[in-house]
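Engineer: Here is my input; please provide its structure:
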Amino acid sequence: MDVTDQIAIVTGGGRGIGRAITHVLAQHGSDGGVADINMGDTQTVCDEINEHGGRSLAVSVDVTDNESVTSLAGQTIDAFGRIDIVVNNAGTIGAPGWESRDRPNDDDWNHIHDVNVHGIARVTDAVVEHMKSRRYGKIVNIASVAGRTGTRTNFAYGASKAAAINLTRCYASDLAPFSINVNCVCPGLVWTKMWERIASRRIGLSIDDEMTTRESFDRFVESNTPLGREQTPEEIANAVVFLASEAASGITGQALNVDGGYVMN
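Structural biologist: Numbers count the residues shown, from 1 in each chain. Down below sits the predicted model:
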């Protein structure tokens, strides 16, 4: 999994899975832009990487805004000269207040689609002409096993991740003639701030009564994963770095589950 001297962009790189992806890319030799809507988190990750001898640029980005995404691509090229790898990791599970709703409302549907689906397209479109001109690029999208199975408690989120898997295949077909690989990773059950909010909602809906959020998560893991344990952000990151490396040069249009056996296909 060698990505030495490759220039990467990671959206949603300031915390959780995105933070792990950024660090593991750097550990395997990559430099580039760490992009997140929260500039404080982004700068913290960049400082951590730079302190260990890496080269990273903190960029504030809102993947729902075309100008912000165009600026991300431009700043990265200005700083590093090119873009080799894009990891579309930025994601959301609902509009503000989603935890209090039994079903997603219009705001949830629109916001989730704008970030989880259209956000991937915006970032990809912002870099694709640059990659095509060089006839090289690795694009890795972060979907979810929810896009494979559906989800009882958030239809809009599951539908958006299914769309992310299909969008990956669309771009893979379109960009293959330019030697650009496009794949996605489907994380399983990873304890992040997002899953903590999911667990809180499950408790609120009386799916998991009289439990802490962590106990709710652990119960879900034990019930749904043959390996019987949660996945770590680093395990997701390892899969991303593999797909971004030349070790995966013959792979495109694929969705790789990293989920402890939750979904087998």
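Engineer: If you count neighbours, what's buried in stretch 157-171?
Structural biologist: 157-165, 167-169, 171 (16 or more other C-beta atoms under 10 Å). From N, CA and C alone the C-beta is placed, and that goes for glycine too.
Engineer: repeat for stretch 48-56
Structural biologist: Within stretch 48-56, the residues that qualify as buried are 48, 49, 54, 56, counting by 16+ other C-beta under 10 Å.
Engineer: In CSV: the buried residues of stretch 157-171, plus distance to residue 131.
Structural biologist: CSV is the format used below for the buried residues of stretch 157-171 (distance: C-beta to C-beta, whole Å):
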residue, distance to residue 131
157, 29
158, 30
159, 28
160, 24
161, 24
162, 25
163, 22
164, 19
165, 21
167, 16
168, 15
169, 18
171, 11
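Engineer: So which of the buried residues of stretch 48-56 sit within strands?
Structural biologist: When the buried residues of stretch 48-56 are checked against strands using DSSP state E, the ones located there are residue 56.
Engineer: Counting residues, name the longest helix you see in this protein.
Structural biologist: helix 155-175 (DSSP state H).
Engineer: Give the other helices and strands that that one contacts.
Structural biologist: Based on contacts counted as 3 or more C-beta pairs under 8 Å, 6 or more residues apart in numbering; DSSP states H and E, the elements that helix 155-175 packs against are helix 106-116, helix 118-134, strand 137-142, helix 146-149, strand 180-187.
Engineer: what residues does the fourth one touch?
Structural biologist: So that's helix 146-149. Under the contact criterion C-beta atoms under 8 Å, 6 or more residues apart in numbering, helix 146-149 has outside partners 154, 157-158, 160-165, 186, 255, 257, 262-263, 265.
Engineer: and with 7 Å instead?
Structural biologist: 157, 158, 161, 162, 164, 165, 186, 263, 265 (C-beta atoms under 7 Å, 6 or more residues apart in numbering).
Engineer: what do you get for stretch 72-88?
Structural biologist: Residues from elsewhere that reach stretch 72-88 (C-beta under 7 Å, 6+ apart): 3, 6-11, 21, 30-33, 35, 57, 59, 61, 120, 123-124, 126-127, 130-131, 134, 136-142, 240, 244.
Engineer: Could you measure from the most centrally placed residue in the chain over to residue 8?
Structural biologist: Nearest to the mean C-alpha position of the chain, by C-alpha atoms, centre = their mean, lies residue 89 at 2.1 Å. As defined by C-beta to C-beta, to the nearest Å, residue 89 lies at a distance of 11 Å from residue 8.
Engineer: With residue 118 instead?
Structural biologist: Shown here: residue 118 relative to residue 8, a distance of 22 Å by C-beta to C-beta.
Engineer: Which one of these two is surrounded by more residues?
Structural biologist: Taking residue 118 and residue 8 together and counting by other C-beta atoms under 10 Å, residue 8 has the greater number of neighbours (28 against 17).
Engineer: what would the helices and strands packed on helix 155-175 look like in CSV with mean pLDDT?
Structural biologist: Written out in CSV, the entries for the helices and strands packed on helix 155-175 read as follows (pLDDT from 0 to 100):
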stretch, mean pLDDT
helix 106-116, 97
helix 118-134, 98
strand 137-142, 98
helix 146-149, 94
strand 180-187, 98
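Engineer: Now tabulate the ones you listed in JSON lines and tack on distance to residue 214.
Structural biologist: Rendered in JSON lines, the data for the helices and strands packed on helix 155-175 read as follows (distance: least, C-beta to C-beta, whole Å):
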{"stretch": "helix 106-116", "distance to residue 214": "25"}
{"stretch": "helix 118-134", "distance to residue 214": "29"}
{"stretch": "strand 137-142", "distance to residue 214": "23"}
{"stretch": "helix 146-149", "distance to residue 214": "20"}
{"stretch": "strand 180-187", "distance to residue 214": "18"}
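Engineer: related to what we said a few turns ago, how far is the longest helix of the chain from where the chain is centred?
Structural biologist: Here helix 155-175 shows a centroid-to-chain-centroid distance of 12 Å under the convention C-alpha atoms, centre = their mean, to the nearest Å.
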